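> got a structure for you, letters missing:
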């Protein structure tokens, strides 16, 4: 191995070591996030025999975990909006992986547009509400069939909708369409780049989020500096 290659290898190893030390360890300790909110529609629903009228929608995420989108996992717990608060990042279990897949496919906050196979009423308000309703259906009533597919029913179970008129009917129809697409879901074949986690807090809603954790600027700058050093090193070796 010539001197140029040795120097390049050492630079790459050093950069990787710095990233390992400096990157946020989100699954090891509490992280701070702030939730924004994209309003959907007020939905009338029932959970475990109790009636609710809830404004549904999609959360935007900022903070230690990066930028991303999120949906509520606990409809009977208050959300903390527009304020920093601590959460415990947790892994997504098998059942919630179906909700994560559904978010990945259809959440407007992840840049998803109307699927080509759906021809009903579709707007951002309806879409974010439908994703939220579908996530709650998976959380509260999702079950595995003998074939291993996740089954759900929006009309019965622990969780269901109690008003299917006007826009609420459009939300229900779209949520049912989203849930029907779970026949294509395989928990062992998740899309590349679709990384999700549960942000848990004992006093506020747990949320299912997808974030992108950026490498802090100083480490990017260090990486650029290493590349410059490698380039200069090559120049010196050529001149000798």
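The structure has been received and is ready for your questions. Please read all numbers here as calculations on a predicted model, not as lab measurements. Numbers count the residues shown, from 1 in each chain.

> which residues does the residue nearest to residue 155 when sequence neighbours are not counted contact?
Nearest residue to residue 155, sequence neighbours excluded (CB to CB, 6 or more residues apart in numbering): residue 161, at 7.6 Å. Backbone N, C-alpha and C define where each C-beta goes, glycine included. With contact set as CB atoms under 8 Å, 6 or more residues apart in numbering, residue 161 has these partners: 43-46, 133, 154-155, 168, 172.

> separation between residue 62 and residue 33?
7 Å (CB to CB, to the nearest Å).

> Looking at these two, which is more packed in?
Set residue 62 next to residue 33 and count neighbours by other CB atoms under 10 Å: residue 33 wins out with 25 against 15.

> Quick check: bridge partners of that one?
According to DSSP bridges, the partner residues bridging residue 33 are residue 63, residue 85.

> Show me what the residue most central in space within the chain is bridged to.
The centre of the chain sits closest to residue 210, judged by CA atoms, centre = their mean, with a distance of 2.2 Å. According to DSSP bridges, the residues that bridge with residue 210 are residue 69, residue 196.

> That one against residue 198, yeah?
No: with contact defined as CB atoms under 8 Å, residue 210 does not count as touching residue 198 (11.2 Å).

> Quick one: residues contacting residue 60.
Residue 60 neighbours (CB under 8 Å, 6+ apart): 35-38, 67-70, 109.

> before we move on, what about residue 87?
By CB under 8 Å, 6+ apart, the contact list for residue 87 reads 30-33, 199-201.

> I'd like those laid out as CSV, including secondary structure.
Shown next, in CSV, are the contacts of residue 87 (DSSP: H, G, I helix; E, B strand; the rest coil):
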residue, secondary structure
30, coil
31, strand
32, strand
33, strand
199, strand
200, strand
201, coil
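
> ok, so of those residues, who is nearest residue 78?
Nearest to residue 78 among the contacts of residue 87 is residue 201, at 10.6 Å by CB to CB.

> Could you grab the helix/strand/coil label for the residue nearest to the closest one when sequence neighbours are not counted?
In space, and not counting its chain neighbours, residue 201 is closest to residue 87: 5.0 Å by CB to CB, 6+ apart. The three-state assignment at residue 87 reads strand, by three-state DSSP.

> related to what we said a few turns ago, what two of the contacts of residue 60 are the furthest from one another?
Maximum pairwise distance in the contacts of residue 60, criterion CB to CB, is 14.9 Å, between 37 and 67.

> got a pLDDT number for residue 14?
Residue 14 is assigned a predicted lDDT (pLDDT) of 44.

> and what of the one 5 residues further on?
Turning to residue 19, the model gives it a pLDDT of 42.

> burial count for residue 173?
Number of residues near residue 173 (other CB under 10 Å) recorded here: 16.
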